[in-house]
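Q: pasting the structure only:
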């Protein structure tokens, strides 16, 4: 075993058979590996997200992040792409699921894939990770402070943004939820309702909320970064994936 | 939080981006995470021309106080000039 990894842009087949850009990072040794699909946040397919993809590779997983804005803004800077897609109303849920499914298919086809797939997302991606877990068969899902899973979004949100709690019976995998105790979106009440619904349907889950942390506590380049919560959160994620994707 | 809320309206004018001046056709205003400003949330204003591609964009990320000050300054500047001087029907 070595600590060598490779990372770079690949083309995958996403929703509707569309060819889209994705960022892949994987260890180079031939040992069997689980795959992680990283769902980027609303600000886009950015440097911080790619760094997370490489982190998963360094931790022993094949990781892949589809560029959800490939269609509207091929080759654009991540922030420009995000602004363009936002102005068009955002990414439809159905297309997101199709793109993640395409990423999972790509990971499963890697020569040393062990066939296990996890998904993870932060903020908007956290909501989408749960959506994916309820929409296709995966082996693990991580929701980092995804809002509007439980509560109705405020008036004026794109009509495609609907609460997802009703999908809970369809959840196909164990769910790890990591939340900020001071976050209001999702707030502690919303997280408690979410946990109760999972419990009610007998869905395996593990939720952790961090006191003194708000939204986006994992984001090292933002003032919301909380090192202690982020360090413990990363440890929870890696432990969860080692059990579910190993 | 990601607000997902976006105010969008058509505009006429020009903006200067990394590749020089270009015609603007659309503006969006939203309160959400900034890309660059050192705050959790900001008032984000994009001046766009989608027909020229996603990079035809002039972007601002302002604090709430400064966005309000900008709005007030725009109103003050317009009030100080003859009505219609900068109208699209001038």
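A: Yep, it's here. In this text, all values refer to a predicted model and were calculated from it rather than measured experimentally.
Q: just give the nearest non-adjacent residue to residue A:83, would you?
A: Distances taken as CB to CB, 6 or more residues apart in numbering or on different chains put residue B:46 closest to residue A:83, at 4.7 Å, once the chain neighbours are dropped. For every residue, glycine as well, the C-beta is placed using N, CA and C.
Q: looking at this, that neighbour is in a strand?
A: Yes - assessed with DSSP: H, G, I helix; E, B strand; the rest coil, residue B:46 lies in a strand.
Q: for the residue nearest the centre of chain A, helix, strand, or coil?
A: The centroid of chain A falls nearest to residue A:121 when counting by CA atoms, centre = their mean (2.1 Å). Counting by three-state DSSP, the backbone at residue A:121 sits in strand.
Q: that one and residue A:41 touch, don't they?
A: Yes - applying CB atoms under 8 Å, one finds residue A:121 in contact with residue A:41, separated by 7.2 Å.
Q: just checking, what's the longest strand in chain B?
A: If each strand of chain B is counted by residues according to DSSP state E, the longest one is strand B:20-32.
Q: how about the helices in chain B?
A: Ranges of helices in chain B, per DSSP state H, are B:64-80.
Q: can you name the residues of it that neighbour chain A?
A: B:1-6, B:8, B:26, B:28, B:30, B:32-33, B:35, B:38-40, B:46, B:48, B:50, B:53-55, B:57, B:59 (CB under 8 Å from any CB of the partner chain).
Q: kindly recompute the last result at 6 Å.
A: Neighbours of chain A within chain B, by CB under 6 Å from any CB of the partner chain: B:1-2, B:4-6, B:8, B:28, B:35, B:38, B:40, B:46, B:54-55, B:57.
Q: before we move on, the earlier item: which ones are touching the residue nearest to residue A:83?
A: A:83, B:28, B:57, B:59 (CB atoms under 6 Å, 6 or more residues apart in numbering or on different chains).
Q: could you do residue A:56 as well?
A: A:36, A:63.
Q: from chain B, how far out is it?
A: Distance, residue A:56 to chain B, using CB to the nearest CB, to the nearest Å: 22 Å.
Q: and the helix or strand where that residue lies, what's buried?
A: Element membership for residue A:56 (DSSP states H and E) is helix A:47-58. Going by neighbour count (16 or more other CB atoms under 10 Å in any protein chain shown), the buried part of helix A:47-58 is A:48, A:49, A:50, A:52, A:53, A:54, A:55, A:56, A:57.
Q: including pLDDT, could these go into a markdown table?
A: A markdown table is the format used below for the buried residues of helix A:47-58 (pLDDT from 0 to 100):
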| residue | pLDDT |
| --- | --- |
| A:48 | 95 |
| A:49 | 97 |
| A:50 | 98 |
| A:52 | 98 |
| A:53 | 98 |
| A:54 | 98 |
| A:55 | 98 |
| A:56 | 98 |
| A:57 | 98 |
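Q: okay, these in JSON lines with distance to residue A:13 next?
A: Converted to JSON lines, the buried residues of helix A:47-58 look like this (distance: CB to CB, whole Å):
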{"residue": "A:48", "distance to residue A:13": "26"}
{"residue": "A:49", "distance to residue A:13": "21"}
{"residue": "A:50", "distance to residue A:13": "21"}
{"residue": "A:52", "distance to residue A:13": "23"}
{"residue": "A:53", "distance to residue A:13": "19"}
{"residue": "A:54", "distance to residue A:13": "23"}
{"residue": "A:55", "distance to residue A:13": "26"}
{"residue": "A:56", "distance to residue A:13": "22"}
{"residue": "A:57", "distance to residue A:13": "22"}
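Q: how about the residues of chain A by chain B?
A: So far as CB under 6 Å from any CB goes, chain A lies against chain B at A:42-43, A:73, A:76, A:79-81, A:83-84, A:86-87, A:123-124, A:147, A:156-157, A:161, A:185, A:215, A:223-224.
Q: out of those residues, which end up buried?
A: A:42-43, A:73, A:76, A:79-81, A:83-84, A:86-87, A:123-124, A:147, A:157, A:161, A:185, A:215, A:224.
Q: inside strands: which ones of those?
A: Per DSSP E, these never map to strands.
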